[in-house]
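K.L.:
Attaching a predicted model along with its sequence, questions to come.
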Amino acid sequence: MLATEALLYTVRYLRSSATMAFGDVTRENFKEMLPHIKEALDRCTFFSFDCEMTGLFTDGNKHEYLDDIQARYSKMSESSRAYIITQYGLSCFQEVMGNTYEARTFNFYLFPQPHGSYNRRFLCDASSLAFLASHGFDFNKCILQGVPYMPVRTRDLQLLQVNRSYEPRGPPVVITTDEDKALVADLMQRISSWLAAQPVSDGCAAMDGGSATAGLANGRNGPANNELIAMDDSSDEADAAMGQQWQSDELVLPPMNSYQRLLAYQELQKPQFGVDGHPGFWVKKSSNVRCLVLVRATAQQADQLEAEARAARVAAIHDAAGFAAVFDLMRRSGKPAVGHNCMFDLAYGLYSFTDSYLPATWRDYKKMVRAWHPGGLYDTKYVSKRLPEVFQGNTALSNLYSVMMHGSNEAPGPQQLLQAASAAANAPVSLPAISHAPGFDKYRSLAAGEAAHEAGYDAYMTGAAFARMLPLVAGKIAIDPSSELAAAYSTVQQHPGTPGQLGSSARHAADGTAGSQQQQPAAQAEQQVADQQLLLEQDLQLQAQSQQHGQHPQQAQQQQQPHGVPADPLQYVHGVCGRLN
């Protein structure tokens, strides 16, 4: 069944790859790629990520050797507010047909775009930009074609504002001044004349150089208004254009400040135009926020126009939010997230894409991390430091990838760990094969490290090294039950609410010990009872979640606990979050 499903999925990707090349994601192809990104996250066993930024440390905020974790976090939090992510790599690894992982890697160019009240300001370090340039980073592509983004919270607040009524709230404004009365009278005359299709002179053009109130007051009766328009050398052409406007389907009201627009909305909602309670027009929000535009429409047409306008505003917000949708999909997938020395990558991502905010304390920050990475957060640098027999103390990402992908499995360190894992699992344990999924060819033929410091490639190297380290982690736990990896695994077992489960051979190896591979009957029975209780609790949790989201429990279980999710023992983050248990 698994092989058939994988074959069908491969065929589908082969078909799609005939018309689409997966790799770089920019503003031009983001919408087209988003469904494929969602599908890759939904199907993956785990995903890995990496970021490139405009800087790391603000002035005087470099980490010191004697800094405690709160001091380090405070400095990192300040950096996350100052700098931005220019490139984000996401690589989704799916276990297919046994001991094999397929990678689907996306390399996002990012650049924030202003929208509404959101306008991101940021710093750049010359050294960071020079470093990116030395590795072939395309700054023009980043700025001109980068996928826009805003925090998920900002996006959601703007979406809530779409349905906000533009009509006046609270008690009506009592008009008392002659100036306000003249404004309202002028508006009523303009609208009535337009609805009756009676061309009159318009002072809108003349008001561009003066106040809106003065223009409206002077634009009510011919002579004064004609004097204002006569100041324009092209007054005859302007008069002709204005006369056509009165007979058109739209009427552009003169520019007004916020108070004047309040008075205008107050008058427009009164039953003084049209028949049967409908004024005969629809108020369109102009791109120029100071102007209101009236469009001739029946009640039915007005409802349709309003629905279309709201849909357009929603689409514009989602376009401006851009990459926030991907970050939201990463959270919703519930899959394990893997980084390499991901301290800054994590903080920058949370600040830029979630809330434009990081908590003041380390304790609250860990809660935020848990909320946005519910599948667990895993750091390959932390794990590799606990495997000195494999990496000989060199935990740089390029070395991890080179050793795990191109090193010899017959070396004493890896061979000893694989033998221990096999013995504990009572079955042969080997390193999994890693391949690129059909259509994801950008990094397929590169030599090891050839595209290093491109976010997508670094994310791929991180995930590939992680997948092949898992059997070695199982062997380490089997050999040394007192190791930090074993302690971490024990901690996770006490908190079984994580969605990830070890693959069968790795799980059995991790559950075993170096000297004893079988439990006593009493302990075995006790473990079975505990397992049944855990399964019951998980089923109840899945049913509750499925009811909230309108989803069948079996579908929720397939999404929350995908086949072969690895690495329960790795529920911690190097130097940033400690253990997230």
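P.N.:
Looks like it arrived, so ask away. Residues are numbered from 1 along each chain as shown.

K.L.:
for this structure, what's the longest strand?
P.N.:
Longest strand in the chain by number of residues, with DSSP state E as the criterion: strand 85-96.

K.L.:
what packs against it?
P.N.:
If you count contacts as 3 or more Cβ pairs under 8 Å, 6 or more residues apart in numbering; DSSP states H and E, strand 85-96 packs onto helix 2-17, helix 30-43, strand 46-53, strand 100-109, helix 324-333, helix 343-350, helix 455-479. Every C-beta, even on glycine, is put in place using the N, C-alpha and C of the backbone.

K.L.:
now it: mean pLDDT?
P.N.:
Computed over strand 85-96, the mean pLDDT rounds to 96.

K.L.:
Sheet-wise, list the partners of that strand with their directions.
P.N.:
Within its sheet, strand 85-96 is paired with strand 46-53 (antiparallel), strand 100-109 (antiparallel), according to DSSP bridges.

K.L.:
Could you export the helix or strand following the last one as CSV, CA atoms only?
P.N.:
Spelled out, it's strand 100-109. Following strand 100-109 in sequence order, the next helix or strand is helix 126-134 (DSSP states H and E). What follows is the C-alpha trace of helix 126-134 in CSV, where atoms were taken according to Å, rounded to 0.1, in the frame of the first residue of the first chain:
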residue,chain,number,x,y,z
ALA,A,126,28.0,45.7,5.8
SER,A,127,29.9,42.5,6.8
SER,A,128,26.7,40.4,6.4
LEU,A,129,25.8,41.8,3.0
ALA,A,130,29.4,41.3,1.8
PHE,A,131,29.3,37.7,3.1
LEU,A,132,26.1,37.1,1.1
ALA,A,133,27.5,38.8,-2.0
SER,A,134,30.6,36.6,-1.8
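
K.L.:
orientation of helix 126-134 relative to strand 46-53 in degrees?
P.N.:
Helix 126-134 and strand 46-53 are oriented at 120 degrees to each other (axes from the mean of the first three to the mean of the last three Cα atoms, to 10 degrees).

K.L.:
Can you get me a residue count around the nearest residue to S192 once chain neighbours are set aside?
P.N.:
If the residues on either side of it in the chain are set aside, S192 comes closest to F273, at 7.4 Å by Cβ to Cβ, 6 or more residues apart in numbering. As a burial measure, F273 scores 16 neighbours (other Cβ atoms under 10 Å).

K.L.:
can I assume F273 is in contact with L195?
P.N.:
Yes. Proximity of F273 to L195 meets the contact threshold set by Cβ atoms under 8 Å, at 6.4 Å.

K.L.:
so where do the strands sit in this protein?
P.N.:
Listed in chain order, the strands found in the chain under DSSP E are 24-25, 46-53, 85-96, 100-109, 250-252, 281-285, 292-296, 337-339, 377-379, 433-436, 572-573, 578-579.

K.L.:
coming back round to it: tell me which of the strands paired with strand 85-96 sits nearest to E308.
P.N.:
E308 sits nearest to strand 100-109 of all the strands paired with strand 85-96, at 30.7 Å, using Cβ to Cβ.

K.L.:
Now do that closest one, average pLDDT.
P.N.:
Averaging pLDDT along strand 100-109 yields 96.

K.L.:
Out of the strands of the chain, which is closest to R363?
P.N.:
R363 sits nearest to strand 578-579 of all these, at 10.3 Å, using Cβ to Cβ.

K.L.:
For R121, see how far away Q158 is.
P.N.:
19 Å (Cβ to Cβ, to the nearest Å).

K.L.:
The two: who's more crowded?
P.N.:
Comparing Q158 with R121 by other Cβ under 10 Å, the one with more neighbours is Q158, at 21 against 8.

K.L.:
low pLDDT regions in this structure?
P.N.:
Flagging of the chain using pLDDT under 70 yields the residue ranges 1-21, 165-169, 198-247, 275, 286-288, 408-410, 488-581.

K.L.:
what about 50?
P.N.:
Counting by pLDDT under 50, the chain contains low-confidence residues at 1-19, 198-235, 238-244, 493-540, 542-544, 546-581.

K.L.:
what touches both of F273 and L195?
P.N.:
With contacts defined as Cβ atoms under 8 Å, 6 or more residues apart in numbering, the residues adjacent to both F273 and L195 are G280, F281.

K.L.:
now the end-to-end length of stretch 321-340.
P.N.:
Distance across stretch 321-340, first residue to last, is 27 Å (Cα to Cα, to the nearest Å).

K.L.:
just the strands paired with strand 85-96: most buried one?
P.N.:
The densest packing among these, expressed as mean neighbour count by mean count of other Cβ atoms under 10 Å, is seen in strand 46-53 with a mean of 26.

K.L.:
ok and it relative to helix 343-350, angle-wise?
P.N.:
Relative orientation of strand 46-53 with respect to helix 343-350: 90 degrees, computed using the same axes, to 10 degrees.

K.L.:
the inter-axis angle of strand 46-53 versus helix 30-43?
P.N.:
Strand 46-53 runs at 140 degrees relative to helix 30-43, counting by the same axes, to 10 degrees.

K.L.:
Strand 46-53 to helix 455-479, inter-axis angle?
P.N.:
Strand 46-53 and helix 455-479 are oriented at 130 degrees to each other (the same axes, to 10 degrees).

K.L.:
how far off helix 324-333 does strand 46-53 point, in degrees?
P.N.:
Regarding strand 46-53 and helix 324-333, their directions subtend 150 degrees when assessed with the same axes, to 10 degrees.

K.L.:
quick one on the thing from earlier: make CSV out of the strands of the chain and add distance to A420.
P.N.:
Rendered in CSV, the data for these read as follows (distance: least, Cβ to Cβ, whole Å):
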stretch, distance to A420
strand 24-25, 41
strand 46-53, 23
strand 85-96, 22
strand 100-109, 22
strand 250-252, 78
strand 281-285, 68
strand 292-296, 74
strand 337-339, 23
strand 377-379, 21
strand 433-436, 21
strand 572-573, 22
strand 578-579, 24
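
K.L.:
wait, which of those strands is closest to V152?
P.N.:
Among the strands of the chain, strand 85-96 comes nearest to V152, with 14.7 Å by Cβ to Cβ.

K.L.:
how about Q113, what does it touch?
P.N.:
With contact set as Cβ under 8 Å, 6+ apart, Q113 has these partners: P148, A320, G322.

K.L.:
Go again with 10 Å.
P.N.:
The contact partners of Q113, by Cβ atoms under 10 Å, 6 or more residues apart in numbering, come to R27, N119, R120, G146, V147, P148, Y149, M150, D319, A320, A321, G322.
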